[in-house]
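# Sequence and predicted model, in that order:
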Amino acid sequence: MEPAFLSRPVTEVARGLIGGILLVDGVGGRIVETEAYDRTDPASHTFRGPTPRNAAMFGPVGRAYVYRSYGIHWCLNVVCGVEPGSAVLLRALEPLAGIEVMRARRGVADPRLLCRGPGRLCQALGITGALDGRAMDQPPFSLEQPGTTFEIITGRRIGLTKGVATEWRFAVSGSAYVSRGAN
DNA sequence: AGACTGATATTCT
DNA sequence: GAATATCAGTCTA
């Protein structure tokens, strides 16, 4: 993962990360669904400026932004973009490595349910707030650019009440591993 | 299948 | 006090 790849407009990075390989301690898979956020976006955590929670999003490109969702789940973003305060939320993976570890962490057998949704993805990969701000090209993270291209669909983001009409969600067309099928 | 609910950290009002 | 970039469970049909 080269810094130049991430230092582009968030929507381009969100699209470009589709098909990439994310691993945490060797456990992970192919990125099949992402969403873009930036400072101009009312749905973004950075819309109202820096806070202790969103500090990583104002830091260097290529770091992780991990936050707690609804007080319960963890969600993982890749800090990227041209302007500070931008990131791409990783919403779903196609599991490829360490599937048995993921099953044990998640307590489910169906591979489609291991990493389908940002909260599930973090549980399967063992991601917690301890990894907030960590460089994603350094252990325990590994992030590789896509080797091949995929047919990508674009649509509205999921689970928000602001910026609903913004079409900044990207997913592999037809994948059984995306969190909701706009396929 | 779809509607509702509970869990509860962080931020905003 | 209320809302939220969620998920699992339960109830209703």
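Sure, I can see it.

# Near DNA strand C, which residues of chain A? Just list them.
Contact residues (CB under 7 Å from any atom of the strand) of chain A with DNA strand C: A:35, A:37, A:43-46, A:54, A:57, A:65, A:67, A:69-73, A:75, A:77, A:87, A:89, A:106, A:108, A:113, A:116-121, A:157-162, A:179. From N, CA and C alone the C-beta is placed, and that goes for glycine too.

# Filter these down to just the ones in helices.
If you go by DSSP state H, the residues of chain A next to DNA strand C have A:106, A:118-121 in helices.

# Out of these, who's the most crowded?
Using other CB atoms under 10 Å as the neighbour test, those are led by A:Leu121, with 30 neighbours.

# Buried ones among the residues of chain A next to DNA strand C?
The neighbour-count test (16 or more other CB atoms under 10 Å) marks A:35, A:37, A:43-46, A:54, A:57, A:65, A:67, A:75, A:77, A:87, A:89, A:106, A:113, A:116-121, A:157-158, A:179 as buried among these.

# possible to save the ones in helices among the residues of chain A next to DNA strand C as CSV with pLDDT and distance to A:Pro146?
Formatted as CSV, those follow (pLDDT from 0 to 100; distance: CB to CB, whole Å):
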residue, pLDDT, distance to A:Pro146
A:Arg106, 97, 25
A:Pro118, 97, 20
A:Gly119, 98, 24
A:Arg120, 98, 22
A:Leu121, 98, 18
